[in-house]
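Chemist: Build the 3D model from these lines:
(chains A and B)
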Amino acid sequence: MNKISEKDYMETGALRKLQLEKLQELIPYEYERVPLFRRRCDEKGVKPRDLATLADLAKFPFMKKTDLRDEYPYGLTAAPMKDIVRFHCSSGTTGKPICIPSTREDIEIWTESAARCLAMYGIAEEDVLQVSYGYGLFTGGLGAHYGGERLGCAVLPTGAGNTEKQIMLMKDLGTTAIACTPSYFLHLADVATKMGVDFRRDTKLKHGIFGAEPWTDEMRRRIEEVSGITAHDIYGLTEIAGPGVAGNCPYCNGLHIWEDHFYPEIVDPDTLEVLPDGEEGELVFTTLDRRGTPMVRYRTRDISRLQTGRCKCGRTMRVMDRIHARTDDMLIIHGVNVFPSQIETSLMKIPEVAPHYQIYLESTDTLDLFEIKVEVTPEAFSDNIRDLEELRKRVLMVVKTIIGLTPKITLVGPGTLPRSEGKIKRVIDNRRKAK
Amino acid sequence: MTVKQISIFLENRPGQLAKASRALAENGVNIATLSLADTTDFGIVRMIVDDHDKGYDVLAKAGFTVRQTEVVMVKVADRPGGMAELMEKLDKAGVDIEYSYAYALGSGDSAILIFRFNDNAKAEAALGA
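Modeler: Numbers count the residues shown, from 1 in each chain, chains lettered A, B, ... in the order given. Presented below is the predicted three-dimensional model:
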């Protein structure tokens, strides 16, 4: 076992004690330095000394993404500028970005977390890790990069884009692991096919480290089928660290959270009550070690569940369900709640459908238009309209069975839907807002 | 006689067919005949060109989804009853037509049609072609 993985197996009692000690340091630190946190604690009538057990954390106020926007750029920064060594920003689609200044220690903890994920996936010093996440303000590139270097991998920092060159380098340098968004990997696979490169035959690629966008189990199986690699899930968010907060081990269908650094809670998104392990709700994190921009009870908007029981791999760190949905991804179509992941799950049941689709919504004078565009695979293309019509009906039936609505299904040719080098936009909602 | 047919998938967007024809033209491939089948969302263009392999490569390289199918070229007498006799032969042999389109008018007394049958070999045997 790599030394970096030792903490993954920390005895549970010692882990809980460590978490409480860290919280008892963090809360007074945050209270003293961040006016917004202090004001909210005062409004709730809670003082840092009220934190006597881990359960007492529930007494403290939440933080949300809007807080980061409202307090942009430095309102939630707790450390002086002399201690800050890096900024990461996440572009809000609406208005101001959020900005996370980090200290050297913050970056160190994130790096260690990312490296622990890679080690858990079975990646080691011998591996060539191609980082095809974007580098820069986005955390993906630098997070995977530093994690890989820490583990001792040979890191190939291609960044996103320039896909044909990436494939050439992958072949020539013997890339064994690639880190990117799942949608970019699908694009890479398409381009490789066009170039006559077969991942199984022509490359040494074994591992894919995928994150930064929600992807279903069905998509994961599809990726593994087309490329012959093992697809690993990495979870993270700029507000908490970046990729590496959690990852899956070979045994669990979920992700071990490095809870010695990131303390998880699941809350009911409506009542905000803490839910016991085993129940599904909104994932909330407290950054136990971060000092640049600490987050106390940060609401991620990701829907998950903390699994009960011990994982077969022996790691004591709790396992959260893979993220299939975010509270703000939910679409209300014709009055019905629909998650894009449900649509992806149903589409991936049909082998003739390529893993590329787009959900399109538009207002009309009557019922809103709800259209799903799906690419057919080159093999499924027929010179006979009847075959394609029959395929279209089958797609409609599986989608209808899962979401209970009847969308317009449009089959489009292979390679015609937009591809992405970073996070893909699969939902185009042009409906007039009611509000 | 069986011939090779190229079919391509077209989205119903302006300029798609122009793009395909231009690609063939620039490579000196001549279209002998063409048929367009469409629904509201997409179309399938089926064509027979003078240089099949080259035509296939040109369209694939231009980014189209291309498929190759064997179709049957049938000569039909150009007089009342010519089509009926042909259909009756096929009917008797139990062959179904998937689709059909015209290839060319022959010289004087016949026309040439293209057919895709559910069983091309059986159809050819029935027609004695």
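
Chemist: residue contacts, the nearest residue to residue A:398 once chain neighbours are set aside?
Modeler: Nearest residue to residue A:398 in three dimensions, chain neighbours excluded: residue A:346, at 4.5 Å (C-beta to C-beta, 6 or more residues apart in numbering or on different chains). For glycine as for every other residue, the C-beta is placed from the backbone atoms N, C-alpha and C. Counting by C-beta atoms under 8 Å, 6 or more residues apart in numbering or on different chains, residue A:346 makes contact with A:398-399, A:401-403.

Chemist: The nearest residue to residue A:68 once chain neighbours are set aside: what's it in contact with?
Modeler: Of all residues not flanking residue A:68 in the chain, residue A:98 sits nearest, at 3.9 Å (C-beta to C-beta, 6+ apart). Residue A:98 sits next to A:65, A:68-69, A:72, A:89-90, A:92, A:238-239 when contact means C-beta under 8 Å, 6+ apart.

Chemist: Can you name the residues of chain B that neighbour chain A?
Modeler: B:5, B:7, B:9-11, B:37-39, B:41-42, B:44, B:46, B:63-65, B:67, B:69, B:98-99, B:116 (C-beta under 8 Å from any C-beta of the partner chain).

Chemist: Mark which of the residues you listed are buried, thanks.
Modeler: Taking 16 or more other C-beta atoms under 10 Å in any protein chain shown as the criterion, what is buried in the residues of chain B next to chain A is B:5, B:7, B:9-10, B:37, B:41-42, B:44, B:46, B:64-65, B:67, B:69, B:98-99, B:116.

Chemist: What residue in chain A is the furthest from its centre?
Modeler: residue A:384 (40.7 Å; C-alpha atoms, centre = their mean).

Chemist: Verify the stated contact: it with residue B:99.
Modeler: Yes. Residue A:384 lies in contact with residue B:99 (C-beta atoms under 8 Å); the separation is 7.1 Å.

Chemist: Now do the shared contacts for those two.
Modeler: Joint contacts of residue A:384 and residue B:99 (C-beta under 8 Å, 6+ apart) are residue B:116.

Chemist: circling back to that earlier point, quick one: contacts for the residue farthest from the centre of chain A?
Modeler: B:44, B:98-99, B:116.

Chemist: What is the burial count for residue A:308?
Modeler: By other C-beta atoms under 10 Å in any protein chain shown, the residues close to residue A:308 number 11.

Chemist: mind checking pLDDT for it?
Modeler: Here the pLDDT value assigned to residue A:308 is 89.

Chemist: Check which helices and strands the lowest-mean-pLDDT helix or strand in chain B is in contact with.
Modeler: When the helices and strands of chain B are compared on mean pLDDT, DSSP states H and E, strand B:97-105 comes out lowest with a mean of 86. With contacts taken as 3 or more C-beta pairs under 8 Å, 6 or more residues apart in numbering or on different chains; DSSP states H and E, strand B:97-105 sits against strand B:31-38, strand B:42-49, strand B:110-117.

Chemist: Longest strand in the chain, by number of residues?
Modeler: As the question left the chain open, I've gone with chain A. strand A:353-362 (DSSP state E).

Chemist: wait, I meant chain B there
Modeler: strand B:66-77.

Chemist: Can you give me the buried ones in it?
Modeler: Residues of strand B:66-77 classed as buried by neighbour count (16+ other C-beta under 10 Å): B:66-67, B:69, B:71-76.

Chemist: swap in stretch B:95-112?
Modeler: For stretch B:95-112, the buried set under the neighbour-count rule, 16+ other C-beta under 10 Å, comprises B:95, B:98-99, B:101, B:103, B:111-112.
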